[in-house]
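Trainee: here is my input; please provide its structure:
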Amino acid sequence: MQRTERHFDEDDESAGALSLERALSAVRKRMKLVIAMPVVAALLVAAAVTIIPDRYDASAVVQIDPRHKSITQLDSVVSDLRGDNSTVESELEIIKSRPIVLQVIETLDLRNDPDFTAPGLVTQLLLWTGIAKEQPASERLPQRPRDQLADIMQVDTPGASRPEMDEIADAFLKKLKVSRVRNTLLIDVRFSASDGAKAARIANTIAEVYLKDQLDSKTRAASTAGKVLEDKLEEMRKKVSDAERRVAQWKAENNVFDAEGQLLDEKQLARLMEQTVTARTATTEARAKYEQGQKLARNGDSGTALIEVLQSHTVRLLKEQYANATRRAAELRTKYGPKHPEMAKVNAEVAEANAQVRAEIERLVANLKNEAEVAESRERQLQLSLNQLKDQQVFSKDATVELNQLERDATTSKQLYEALLMRFKQTTETQGFQLPDVRIIEKADAPQHPASPKRKQLVVMAFLGGLVMALGLAVLLELMAPGISRQDDIERVFDTDHLSSVPSPNAADSFVPPTKAVRLVVAEPQSLYADAIRNARRELDLRRNGTAPRLILVTSSVAGEGADMIASNLAHNYAMTGARPLLIDCDFRLQPLTRLLAAQRQSGLFDQLTSARPVESAILRDGLTGLHFLPAAGPVHLQRSIPETLTSTAMASALNELKGQFDTIVMSVPPLMPVIDGRILADYADQIVFVVAWQKTPKQLAKTAIKTLGINDRKLAGIVLNDVAPAELDETRGWHGGLLGNRAGNEGRGQYAA
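Mentor: Numbers count the residues shown, from 1 in each chain. Okay, the predicted model is just below:
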């Protein structure tokens, strides 16, 4: 079976490089490493955790309470905490802040506690090995008194000394963990210490200090607000006094007086206007009475209308007398005649009563006239005074605007002062009524069991981690192995068949000399090596076209890949099965097979071609296997171009003649990359066997070498993977036993004769 076209993909080296089968193979090949690494890791971690001291975790739970809390109905200076995420996150940072930590350290006197002053495990190892030196006590960080805690947060200004780093606080923070309990308003304050009771005491102290700090912050804010308000009140008091003083001064300078909250001129004008209106009304009434009385008197109306207008008791009495006299006159007129004395007397009484009435009416009408004139005169006087006062008010209006502005300023300042005074009283009186916005939900209890180190878990994790690392390392070593290491790599990378995987002739405990290695199938026919050569021959025979004589060319990319050994053992195997093979050493430059198989030759192929002698005369025969061998050249080096000799008609004729005498010709040719000899000889070949060294030949180099064959790459029967490790063969084939199964001491040396 031959391939007519071959494609090399530039990504072949990475595509499909790792499969489950290959990973399992890599693990099986490095089983000792896979077992040793997790065991060693587990032992190391077990040894390490035995010296790590126990750590106990204690937890106190604090709740942020956003509900409004107030003893009085007065507003507080600092508003209550809200329950949003930003507030909770801010409170988490406040609990871990350095002022809180330092206050806890000073409260519990932790500066001499071994948990915070003793060096860490790594530092102890460095001190024990002598790499590091212990710091003298005089150079350690001095203790800070309580009154210097505020200096920790001072700003670094030019000329000011920088605050020292507090190593105790740093060590404290490493053991403190403050976290939010899910999405609630609860905060978990967790502390780790070498003693459970100590851990609980510190966790509770942190919660209490945080609670006290939160309350103190409110008190400090109220106190600060009180001082600010007090200063502002003093300022506003002066402003109010100055404003009122300016109002009084302006009134004094402008002769302005006020009564009952109103200016005197304005009050006088209002009263004068009221009097003028009253006088105008009185004048109108008096004039109306006078005109009506005059009209009624002129018309001679003596009825009740006149009495009602004049409103006089005397007129009413006179009217009654006149009415009585008239009534008697009427009564007597019926009894007496007009000239009767009684009638004369009565008529005289009627005339007198009527005269009295008219005289009284005239007098009253004259009085009404006088009253109307008096009312008009008073009205004129009041109107004149009102007009004069109005004129005076117009001239003083501009001055009044300035007074109003001064009074508004004074009133505004007074109102603001009163509001500030009320707020100041509220703030100062409610400073002692502050309530915290947080509360301790659960105090920490002393844990009974250590939280760390979790020795069993660590050992198990170390074992599992070591196992994962070992598996990864085994696969990585498999992937990093140079060149080809597996059969499927050959088929994937080179797009050609894999003929056989040939083990290295050198076992771990012995060395096979080259003189034996070239005939190893004869010396050790039961070995893995011999079986691999047989497998390669079988694959070649399956790919043979017909039964005509054939020429098999064996080559490689570069020297040292064992192509000459493969060619020699392949030819010997053909000879051992009764065939008539010929082995030709076509490496005229190095002559590797010639030096090993025919060290005493007299001539070779190159000599015969250059001297135009028959090549058959240079062929040697092995008396043990019957293999015919044609050396490359004689012992004397001939000065002639090798490529020109290989392309000559003599070379083609010689090979044609040899194919007529032998059914299989195996040619061992030089590597394809260094010289052109192998590429020329590929023109004469019927089958080409390409040899690749296991985990040695770079893939790209091998692909490039195959590409140099050009159109002859269709003759490529397959690739032989040479020098494969015995463990790899055991893995892929399931064979067991020694690399060389039968080492009876027979090296199978042959005797080549003409």
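Trainee: which of the three states applies to the spatially most central residue of the chain?
Mentor: Geometric centre of the chain, nearest residue: Glu89, 15.2 Å, by CA atoms, centre = their mean. At Glu89 the chain is in helix, as set by DSSP: H, G, I helix; E, B strand; the rest coil.
Trainee: give me the mean pLDDT for the longest helix anywhere in the chain.
Mentor: Counting by DSSP state H, the longest helix found in the chain is helix 196-253. Per-region confidence: helix 196-253 scores 84 on mean pLDDT.
Trainee: what packs against that helix?
Mentor: Packing partners of helix 196-253 (3 or more CB pairs under 8 Å, 6 or more residues apart in numbering; DSSP states H and E): strand 56-64, helix 85-95, helix 98-108, strand 186-193, helix 397-429, strand 438-442. Heads up, the C-betas are built off the backbone N, CA and C, glycines and all.
Trainee: let's see it at 6 Å
Mentor: For helix 196-253, the elements it packs on are strand 56-64, helix 98-108, strand 186-193, helix 397-429, strand 438-442, judged by 3 or more CB pairs under 6 Å, 6 or more residues apart in numbering; DSSP states H and E.
Trainee: out of these, which gets the lowest mean score?
Mentor: helix 397-429 (a mean of 76).
Trainee: would you say Asn545 is within a strand?
Mentor: No. Read with three-state DSSP, Asn545 is coil and lies in no strand.
Trainee: how near is it to Ala579?
Mentor: 17 Å (CB to CB, to the nearest Å).
Trainee: what about the two, which has more around it?
Mentor: Legend: neighbour count by other CB atoms under 10 Å for Asn545 and Ala579, higher for Ala579 (15 against 10).
Trainee: so is the more buried one in a helix, a strand, or just coil?
Mentor: Following three-state DSSP, Ala579 is assigned to coil.
Trainee: who are the neighbours in contact with it?
Mentor: Thr664 (CB atoms under 6 Å, 6 or more residues apart in numbering).
Trainee: please state the backbone phi and psi of it?
Mentor: phi -80, psi 170 (degrees, to the nearest 10).
Trainee: thinking again about what came up before, with mean neighbour count and distance to Tyr322 added, can I get the helices and strands packed on helix 196-253 in a markdown table?
Mentor: Below are the helices and strands packed on helix 196-253 laid out as a markdown table (neighbours: other CB atoms under 10 Å; distance: least, CB to CB, whole Å):
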| stretch | mean neighbour count | distance to Tyr322 |
| --- | --- | --- |
| strand 56-64 | 21 | 108 |
| helix 98-108 | 18 | 116 |
| strand 186-193 | 21 | 114 |
| helix 397-429 | 15 | 64 |
| strand 438-442 | 16 | 108 |
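Trainee: let's have those in a markdown table, adding distance to Gln602.
Mentor: Shown next, in a markdown table, are the helices and strands packed on helix 196-253 (distance: least, CB to CB, whole Å):
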| stretch | distance to Gln602 |
| --- | --- |
| strand 56-64 | 92 |
| helix 98-108 | 98 |
| strand 186-193 | 91 |
| helix 397-429 | 125 |
| strand 438-442 | 105 |
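Trainee: for Ile202, which of the ones you listed is the nearest?
Mentor: strand 186-193 (4.7 Å; CB to CB).
Trainee: in its sheet, which strands sit next to the closest one, and in what direction?
Mentor: strand 56-64 (antiparallel), strand 176-180 (antiparallel) (DSSP bridges).
Trainee: ok, and what's touching the last one?
Mentor: The reference is to strand 176-180. Strand 176-180 is contacted from outside by 88, 92, 95-96, 188-191, using CB under 6 Å, 6+ apart.
Trainee: check the longest one too.
Mentor: Under the contact criterion CB under 6 Å, 6+ apart, strand 56-64 has outside partners 81, 185-193, 196, 199-200, 203-204, 207, 438-444, 447, 450-451.
Trainee: what angle do that strand and helix 196-253 make?
Mentor: Put simply, strand 56-64 runs at 30 degrees to helix 196-253, going by axes from the mean of the first three to the mean of the last three CA atoms, to 10 degrees.
Trainee: okay, the angle between strand 56-64 and helix 85-95?
Mentor: 130 degrees.
Trainee: off-centre distance for stretch 646-658?
Mentor: In terms of CA atoms, centre = their mean, to the nearest Å, the centre of stretch 646-658 is found 77 Å from the chain centre.
Trainee: which parts of that stretch are buried?
Mentor: 646, 651, 654-655, 658 (16 or more other CB atoms under 10 Å).
Trainee: again with stretch 42-59
Mentor: Neighbour counts over stretch 42-59 (16+ other CB under 10 Å) mark 42, 45, 49, 55-59 as buried.
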